[in-house]
Structures are given as C-alpha cells and as structure tokens.
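In: Test case, fold it:
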Amino acid sequence: MNYLKLKGIILLLFIALFSSIGASGQSVNYSKLGKGLQFIAADSSFSLKFGTRFQMLYQGGNNPATNNWDDRFLIRRARLKFEGFAYSPKLEYKIELGLSNSDIGNDNPSMSNNADNIILDAVAKWNFAPHWELWVGQTKLPGNRERVVSSQKLQFVDRSLLNSRFNIDRDAGLQLHHVHNIGQVVIREIGSIAMGEGRDITINNSGGYDYTAKVEVFPFGEFEGDGAYVGGDIYREETPKLAIAAAFDYNDNASRERGQLGDFLSEQRDLSTIFVDAMFKYRGFSAMAEYADSKASEGPVVARTDAGAVEETFVTGNAFNLQGGYLFENNWEVAARYTSYNPTEVSGLRPQEQYTLGVSRYIVGHSLKVQSDVTLQDQPGRPDSYLFRLQMEVAL
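Out: Numbering: from 1, shown residues only. Have a look, this model is predicted:
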C-alpha cells in the first residue's frame with residue numbers, strides 16, 4: 001500500500017469522525033486523557049470511541065563486531081483506534097490501524113501485494129447469549145499472554161524474546177469466547193479458526209487453516225480493570241489475584257517461518273505450539289511467567305545450500321520468560337526480566353538468554369508514561385552485547 005493511498009484513507013477517516021462530531025451540535029463530551037473521544041447516536045443505534053497513540057523510542061547498543069555504539073530514534077508505534085457498538089450494545093466492533101513503518105512494514109517485500117499491514121484489527125464481537133461471544137474478523141489470536149497484552153500496556157519498553165520468536169500474532173477468522181463461574185473461580189474458554197498466514201493476507205489460503213484453543217482460570221476472581229492483561233499492578237490489587245492459562249495452536253500446512261509471521265518459505269509444514277502462562281498481582285507487586293514450545297512436522301529445515309548450511313527453516317524450539325516488578329506509591333516502577341530462547345538445534349538458529357532491568361514512570365497510567373530498560377544479551381560463541389532503550393508513550 002503506497003503512502004498516497006494511506007494518506008487518503010486517514011483523511012477520509014478524520015473527515016467522517018469530525019463530521020459526526022459536528023452533527024452532534026452542542027453536546028458535551030466528558031472524555032479524559034487515555035479514554036479517547038466518545039459519542040453515542042441520538043437514537044442510540046451506534047456508538048463510537050476514537051483514540052490515538054504513539055511511542056517515541058530511542059535505542060542503542062554496543063556492536064561487538066565493530067566495537068561501535070549503534071543507535072537510533074524512531075516512532076516505534078503510531079495507531080488509530082475506533083470502537084463501539086452497532087445497532088445494539090450486544091454487537092461491538094473494533095478497528096485499529098497502524099501508521100508507523102514498524103506497523104506497516106511487510107516481512108517479505110516480494111509478498112507486499114499480499115499483506116497490506118495497515119489494518120491491525122477489524123473485528124465484530126456478538127454477545128449472542130449470556131456469557132458467550134462470537135468474534136468475526138481480524139484480531140489477536142488467543143496465544144501467549146504477553147502478546148494479548150496491548151503494546152500500550154506493557155511493563156517494559158517492548159515484549160520479550162519468547163514473544164518475538166513464538167507468538168501467533170493476528171489472523172482473520174472466527175473466535176468463540178465463553179466465560180463462567182464456579183463460586184469465586186472464573187474460567188474462560190476460547191476457540192479459534194483462522195487463515196493461518198497472518199494479518200490482512202489478500203491471496204487465497206495457501207495451506208490449511210490455523211486452529212487455537214485456550215483455557216484461562218482465575219482462582220481468586222477477576223482482576224481489577226482487566227488487569228490480567230495489563231503490565232504492572234497499576235490498579236494495586238487489594239487482594240491477591242492470579243491467572244493461569246494454557247493454549248494450543250495448530251497451523252496446518254503453514255507457509256511462513258513463524259506461522260503468521262516471517263518469510264514465506266518454499267515448502268509447508270504443520271506447526272504445533274503450546275503456551276503456558278501465569279500472572280500474579282498484589283498491592284503493587286506483579287509477576288508473570290510464560291513458556292512456549294513449538295514443533296514442525298517432518299522437522300523445521302526446508303532448504304539447505306550446496307555446502308549443507310541451513311537456507312530456509314521454520315522457527316521451532318522452546319522459550320521461557322519470567323518477569324516481575326513493584327510499583328511504588330509515587331507511580332515509579334522497577335522491574336526485572338529473564339528470557340531463555342532455545343531453538344531446535346537442527347535449524348541452525350542461535351540460542352540466546354536475555355537479562356533485562358527496567359524503570360518506568362506512570363504519569364497517567366499506561367496512557368502517559370516514560371519507560372526505560374537495559375538488556376544483557378548472551379549468545380554462545382559471541383561476545384555479550386547490551387541494549388538500552390528509552391521510550392515515551394502518549395495515548396489520547
């Protein structure tokens with residue numbers, strides 16, 4: 001998608017938004033920072049909440065190969081969000097667009113016509129019966145917890161190495177959500193059928209479909225403010241809260257090296273991935289643990305060079321991530337994270353361990369904050385390297 005077309009779409013969206021605002025006459029809107037602009041039609045036939053946010057990031061690190069400090073400033077994310085209900089409060093919708101190069105950039109330039117990645121979310125959610133919802137469209141799949149947490153609400157500057165290697169990201173299809181209680185215990189179940197090639201693919205399905213199932217248990221009841229999917233204990237839970245989840249994803253005849261992400265490869269494989277995670281929060285303290293394990297039928301390697309080196313491979317193996325932090329009453333938080341990534345040996349990919357220390361200042365929760373972290377990256381056979389990041393988040 002070229003930038004002229006992109007600008008045209010954005011202009012039309014803003015015209016539609018502010019036309020609706022003008023049509024509302026002298027109505028008063030009581031929105032506040034982080035809550036967006038919210039409107040309801042005079043006949044209550046629909047509602048609209050518009051929000052926007054961006055992240056300004058500085059990152060730098062030592063390059064062991066050159067002994068130089070490599071750094072840059074960038075707009076890590078820039079998003080537009082539209083959500084509300086249509087016809088009935090039981091039919092909700094969400095649209096999220098990504099505007100930065102990191103949001104739009106395609107993993108494989110040769111496939112650019114098949115993956116116009118400006119559209120992140122475009123999903124309708126129908127509450128067709130008590131405790132049941134049917135989701136139709138494109139949105140995040142019910143995979144690992146860290147991926148489902150919004151990039152606006154992370155405890156660190158960005159997600160972990162486990163997530164970047166094994167998350168199943170977004171896809172287009174159907175999701176069925178159910179929630180029920182057994183006493184104070186809350187249980188959520190999710191089933192999903194999706195394309196399997198990732199977000200906004202414009203070609204016919206090139207392999208099979210992707211199937212995901214997830215179960216999540218809250219032994220002590222729901223978190224405050226849906227805090228099971230918010231980094232840090234910014235709501236300061238008054239009683240201990242715990243969430244435990246397990247998910248299984250099966251991508252039939254996957255075409256991309258990480259299922260929904262990465263390069264398109266010359267052969268297909270069935271990818272099976274297991275996720276297990278837990279989140280705990282109590283009075284400013286938070287902890288999260290995740291484990292992922294991915295396997296490919298017939299092995300991950302697709303092609304080798306004449307010399308026998310791996311040329312194409314699916315990303316398989318396992319990873320473990322553990323992080324925790326404490327939010328002080330002045331809204332400063334310190335946090336630490338350990339991540340271990342162990343790819344399948346035959347793939348030729350390098351294992352890695354990361355040790356991260358982060359400091360955050362929440363000015364208006366996750367809507368206005370400054371975060372920084374420093375990471376030690378340890379790879380066998382290579383000198384240690386360090387990465388420093390400083391990021392500001394502004395969400396309206």
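In: List the strands paired with the strand or helix carrying residue 376, with their directions.
Out: In this assignment (DSSP states H and E), residue 376 forms part of strand 368-378. When pairing is defined by DSSP bridges, strand 368-378 lines up against strand 352-364 (antiparallel), strand 385-395 (antiparallel).
In: who touches that strand?
Out: 33-34, 154, 156-157, 352-363, 384-395 (C-beta atoms under 8 Å, 6 or more residues apart in numbering). C-beta coordinates here come from the backbone N, C-alpha and C atoms, glycine included.
In: Got a PyMOL select line for the buried ones in those?
Out: In PyMOL, this line selects whichever of the contacts of strand 368-378 come out buried by 16 or more other C-beta atoms under 10 Å:
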select buried, resi 34+154+156+157+352+353+354+356+358+359+360+362+385+387+388+389+390+391+392+393+394+395
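In: Could you look up the SS state of the spatially most central residue of the chain?
Out: With distances taken as C-alpha atoms, centre = their mean, residue 147 lies nearest the centre of the chain, 3.6 Å away. With DSSP: H, G, I helix; E, B strand; the rest coil as the basis, residue 147 sits in helix.
In: Distance-wise, check the residue lying closest to it once chain neighbours are set aside relative to residue 388.
Out: Closest residue to residue 147 apart from its sequence neighbours, by C-beta to C-beta, 6 or more residues apart in numbering: residue 167 at 4.1 Å. Computed with C-beta to C-beta, to the nearest Å, the distance linking residue 167 and residue 388 is 24 Å.
In: Same check on residue 180?
Out: From residue 180 to residue 388 the distance is 46 Å (C-beta to C-beta).
In: Dump the strands paired with strand 368-378 to TSV, plus distance to residue 256 and mean pLDDT.
Out: Formatted as TSV, the strands paired with strand 368-378 follow (distance: least, C-beta to C-beta, whole Å; pLDDT from 0 to 100):
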stretch	distance to residue 256	mean pLDDT
strand 352-364	21	97
strand 385-395	26	97
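In: Same list (those) but as TSV, adding distance to residue 132.
Out: Output for the strands paired with strand 368-378, formatted as TSV (distance: least, C-beta to C-beta, whole Å):
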stretch	distance to residue 132
strand 352-364	35
strand 385-395	31
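In: Out of those, flag the one nearest residue 242.
Out: The closest of the strands paired with strand 368-378 to residue 242 is strand 352-364. By C-beta to C-beta, the value is 22.6 Å.
In: and the closest one, how far out from the chain's middle?
Out: 17 Å (C-alpha atoms, centre = their mean, to the nearest Å).
In: What's opposite residue 356 in the beta bridge?
Out: Residues in beta-bridge contact with residue 356 (DSSP bridges): residue 337, residue 375.
In: right, and it touches residue 336 too?
Out: Yes - between residue 356 and residue 336 there is a contact under C-beta atoms under 8 Å: 6.8 Å.
In: Spell out which residues are contacts of both of these two.
Out: The contact lists of residue 356 and residue 336 share residue 323, where a contact means C-beta under 8 Å, 6+ apart.
In: ok, now which ones touch residue 138?
Out: 119, 120, 121, 122, 123, 170, 171, 172, 173, 199, 200.
In: what about the last one, how many neighbours?
Out: So the one you mean is residue 200. 20 (other C-beta atoms under 10 Å).
In: So it versus residue 283, what's the distance?
Out: Distance from residue 200 to residue 283, by C-beta to C-beta: 42 Å.
In: Secondary structure of residue 346: a helix, I assume?
Out: Yes - if the criterion is three-state DSSP, then residue 346 is within a helix.
In: Give me the pLDDT value at residue 167.
Out: Predicted confidence (pLDDT) for residue 167: 96.
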